[in-house]
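A.B. asks: requesting a structural model of the entry that follows:
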Amino acid sequence: MRMTFRLLLLLLALWIEDAHGERSFPEKNMTKEHERVLIRTKRRWVLSTIELEEEDPGPYPKEATQLFNDKVNDHQLLFSINGQGVNTEPTGVLTINDLTGVVYVHKPIDREMYPFFQLLVFNLRSCISPFDDQVEFDVLDRQTKQVLDRTLSFNVAIKDKNDNAPQFLPEVLNLTIPENTKEGTLPVSLQAKDKDEKGNDNSRITMRVVSQQPASPPIALKSLSSSPLDDNVISQLTFTGCFDYDKARTYKLLVEAQDHGLPKLSSTATVNINITDSNTHLPVFTASRFDAQVMEMETNKVILRLSVEDKDTPNTPASKAVYKILKGNEEGNYKIETDPKTNEGVLTVIKGKDYERTTLTELEISVENEEPLFICVDGKPESPTRLAAAKPNTTKVAVKVIDVNDPPVFTDRIKTVYRKEEGQPGDNLYEPVVKDVDSDVNKTRYELAEDPGKWVKVDPKTGKVTTVVKMDRESPYVVNNTYTVLIRAIDDGEPPATGTGTLIIHLGDMNDNLPYLTTNSSILCANKTDRVTVKASDDDASPFAGPFSFSVGGEDKELAKAWKFEPGTGFETSLISLKSLPYGNFTIPLRIEDQQGQAGEDVLHLEVCDCGDHDVCRRLFPRSTHLHGAALGILLGSLLLLALLLCFIFICNNGKEFKLNLQDEGNQTLINYNEEGGGSLAKVCISSGGFQQMAENNGTWRSQSGASRFSRSYSVMSEWNIEDHLHRKLYELPEEQLEFPQYHPREYIYEGSGSRCLSLDELSFSAHGDDLEFLDNLGPKFQTLEGVCQKALKEKSVKV
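C.D. replies: Numbering: from 1, shown residues only. Below you'll find the model as predicted:
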């Protein structure tokens with residue numbers, strides 16, 4: 001046995017060495033890919049099997065194995081270990097005694113997280129492994145730290161331990177099913193998984209129902225897994241029998257999933273089943289007989305509401321009632337519907353009942369539920385045959401018809417007469433015959449209910465209908481050659497009843513309309529054609545209408561030589577120009593005859609032009625231009641601004657803005673001086689009586705009454721011009737006269753002799769001049785002028 005084991009170790013060492021040899025010399029392998037020479041070398045590593053048990057309780061550290069190398073005879077060896085479990089996750093699991101080669105385990109390992117450490121052989125000098133789940137062993141010289149042998153890598157298998165119980169996904173299931181569910185499978189499945197090693201007893205699962213409350217009907221499990229060794233098991237619930245909502249409305253099941261390991265581990269899941277009510281009770285009328293009444297010929301009226309009792313859950317399909325009229329409604333006078341809120345049967349009359357024919361009607365009405373009936377007896381559902389034998393509940397309804405005054409009835413409800421149009425007024429069209437079972441027909445009165453054209457009248461006693469005007473078949477009131485009149489017949493009952501009759505007048509056609517053109521204007525594209533299409537119509541019907549005969553009308557015989565029709569008859573034709581026409585507008589009289597030779601004269605307005613590639617005349621210049629609203633506003637605003645600017649320039653240049661200045665402040669008089677040079681701007685006339693009026697050439701008019709010393713001055717100079725004038729004059733003064741040390745008033749112009757007006761041309765800027773105290777109280781109308789003057793003086797630094 002030992003020899004066999006050693007032989008196996010030897011073969012493994014040789015295989016590892018050969019593999020390392022190929023990976024250590026990649027260049028050589030590439031150049032001599034097809035000329036490999038496998039050289040057997042002496043075994044140098046001695047391996048012992050490393051077996052680790054999952055979740056080993058210890059004690060730790062625990063010896064796992066010991067490594068040997070034949071370099072021990074020539075060197076003092078130093079062992080090292082790297083890889084998964086050492087310096088990669090999970091770290092700190094494995095260590096090695098660097099002197100003896102003993103490998104130790106320091107903590108338990110979870111196989112479900114790290115099932116094994118992968119075996120992979122690498123030469124430490126040539127590369128570093130990209131794998132994180134390998135264990136590598138090296139042997140080095142203890143003194144020189146030189147690697148003496150190739151790196152050894154191998155897998156460390158973890159022996160599984162049954163440390164995981166099966167788990168349900170999910171652990172709690174809630175299910176709602178109707179009471180009338182047929183026996184068999186339920187629409188729910190349970191799934192359980194085990195994390196232990198797949199393929200052994202630790203992960204093989206068995207599922208069973210541990211408990212059920214209540215116990216009837218029995219519920220079991222049906223496996224849906226394909227293999228009994230699966231670590232992922234799915235099962236479905238099944239049952240036999242039937243559910244009874246009145247006995248049990250909720251069920252609770254406890255299901256267990258157990259593995260087959262040692263020791264056996266298990267877990268449970270809870271299934272909650274809610275039962276909804278189904279139709280297990282028939283609805284029953286609250287009374288076996290009902291009474292109702294309806295007025296004669298009354299329609300669309302609710303006459304009765306029928307109530308029922310149902311033990312099933314309200315407002316569900318199991319209890320919602322469906323009513324049917326089984327007998328007594330052969331003529332379709334009634335209908336019954338379900339009120340969705342109260343579940344009552346609403347009986348409505350939809351077709352009037354005649355008291356003279358029927359005074360009492362008995363209806364038989366049944367009631368069922370929307371949902372089919374389901375009955376569970378002793379845990380077993382009733383057969384469909386027995387359920388079909390269960391008859392719905394019925395009741396009787398007696399409907400009494402109450403007599404009312406019946407309206408007159410026309411013997412001919414719809415009467416059709418035929419007349420020619422344009423007949424003379426006074427034509428007797430129709431005299432109705434009516435019947436009335438409740439009243440004297442001789443006391444019936446008649447009136448028109450509808451006469452859209454006011455063409456007829458009716459005799460209120462006899463109902464005779466006669467025409468009052470000529471009837472025109474082409475009138476808009478005539479539809480499909482018929483004119484309709486409605487007539488009312490009213491009896492003398494209490495209350496009066498009204499019957500209606502219809503008179504349909506078919507109007508025959510006469511040739512009373514002339515043919516005419518459908519359009520009176522047309523375009524002749526002279527650059528492309530020499531003809532236009534002409535269409536005619538006639539309001540009369542055949543044979544008083546088309547096809548028509550076309551010809552050129554009027555007294556001008558030259559027109560007939562310039563135009564012709566092709567063809568000459570039809571509903572439309574082509575008007576052909578026989579001569580080359582200049583561009584412009586032409587008026588062509590036409591003569592159109594119908595089949596009976598009755599001719600109509602009409603005029604065609606023809607525009608001859610160049611259409612280019614289109615069918616409309618091409619214009620050299622547009623006749624109109626469309627501007628956007630914003631552009632139009634800008635244009636108008638610009639014109640307005642230009643007008644204001646011109647007015648402003650005109651006023652500035654001429655100073656001729658008329659302004660009315662009324663001066664009413666007592667005896668004081670102020671004359672506006674608009675210009676100091678060239679003459680007086682105003683004069684004050686002092687007179688003891690009378691009225692004096694003066695006009696100066698400077699544009700100022702004045703009137704004054706001597707008795708009241710009232711003065712009115714009308715000036716064409718504006719206040720703005722006064723201010724500008726003062727500014728200009730002050731600017732022209734020399735610098736040495738700005739303070740006016742010796743300024744004396746002087747006369748600027750001779751005003752003429754014989755004038756009785758005192759001149760006001762002497763204007764003084766000196767504080768020692770004339771007494772001007774009367775100017776201190778001129779009133780509010782002169783404050784504006786004072787402010788303008790003061791402002792101008794301040795700007796020029798003038799001292800007054």
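
A.B. asks: all helices of this protein, in order?
C.D. replies: Per DSSP state H, the chain has helices spanning 2-24, 26-31, 384-389, 557-562, 629-654, 719-732, 783-795. These are given in chain order.

A.B. asks: buried sites along stretch 361-375?
C.D. replies: Thr361, Leu363, Ile365, Ser366, Val367, Glu368, Asn369, Glu371, Leu373, Phe374, Ile375 (16 or more other Cβ atoms under 10 Å). Any C-beta I mention is one placed from the backbone N, CA and C, and that applies to glycine too.

A.B. asks: what's the least confident stretch among the helices of the chain?
C.D. replies: With a mean of 40, helix 26-31 has the lowest mean pLDDT of those.

A.B. asks: just the closest of the buried residues of stretch 361-375 to Cys617, please.
C.D. replies: Minimum distance to Cys617 across those is 77.9 Å, recorded for Glu371 (Cβ to Cβ).

A.B. asks: verify the contact between the closest one and Ser278 for me.
C.D. replies: Yes - with contact defined as Cβ atoms under 8 Å, Glu371 and Ser278 form a contacting pair (6.4 Å).

A.B. asks: so what sits against both of those two?
C.D. replies: Counting by Cβ atoms under 8 Å, 6 or more residues apart in numbering, the shared contacts of Glu371 and Ser278 are Asn180, Ala318.

A.B. asks: circling back: narrow the buried residues of stretch 361-375 to those in strands?
C.D. replies: Among those, DSSP state E puts Thr361, Leu363, Ile365, Ser366, Val367, Glu368, Asn369 in strands.

A.B. asks: how near is the nearest residue to Arg305 once chain neighbours are set aside to Glu337?
C.D. replies: Nearest residue to Arg305, sequence neighbours excluded (Cβ to Cβ, 6 or more residues apart in numbering): Glu344, at 4.7 Å. Distance, Glu344 to Glu337, using Cβ to Cβ, to the nearest Å: 10 Å.

A.B. asks: same thing with Ala287?
C.D. replies: Ala287 is 19 Å from Glu337, by Cβ to Cβ.

A.B. asks: please apply the same query to Gly83.
C.D. replies: Distance, Gly83 to Glu337, using Cβ to Cβ: 84 Å.

A.B. asks: between those two, who's got more neighbours?
C.D. replies: Neighbour count, other Cβ atoms under 10 Å: between Gly83 and Glu337, Gly83 has more, with 23 against 13.

A.B. asks: for that one, give me the pLDDT.
C.D. replies: 72.

A.B. asks: okay, and the beta partners of it?
C.D. replies: Gly83 forms beta bridges with Val135, as assigned by DSSP bridges.

A.B. asks: please apply the same query to Gln191.
C.D. replies: According to DSSP bridges, beta-bridge pairing links Gln191 with Ile234.

A.B. asks: and for it, the neighbour number?
C.D. replies: Applying other Cβ under 10 Å, we find 17 residues neighbouring Gln191.

A.B. asks: quick one: contacts for it?
C.D. replies: Phe168, Leu169, Asn232, Val233, Ile234.

A.B. asks: separation between it and Glu171?
C.D. replies: Noted for Gln191: a distance of 11 Å to Glu171, by Cβ to Cβ.

A.B. asks: which residues does Lys396 contact?
C.D. replies: Going by Cβ under 8 Å, 6+ apart, Lys396 touches Ser288, Arg289, Phe290, Glu362, Leu363, Glu364, Ile365.

A.B. asks: and the gap between it and Leu363?
C.D. replies: Applying Cβ to Cβ, the value for Lys396 to Leu363 is 7 Å.

A.B. asks: quick check: neighbours shared by these two?
C.D. replies: Common neighbours of Lys396 and Leu363, counting by Cβ under 8 Å, 6+ apart, are absent.

A.B. asks: nearest to Val271 among the buried residues of stretch 361-375?
C.D. replies: Phe374 (23.3 Å).

A.B. asks: my guess is that closest one meets Glu179, correct?
C.D. replies: Yes - the pair Phe374 and Glu179 qualifies as a contact (Cβ under 8 Å) at a distance of 6.9 Å.
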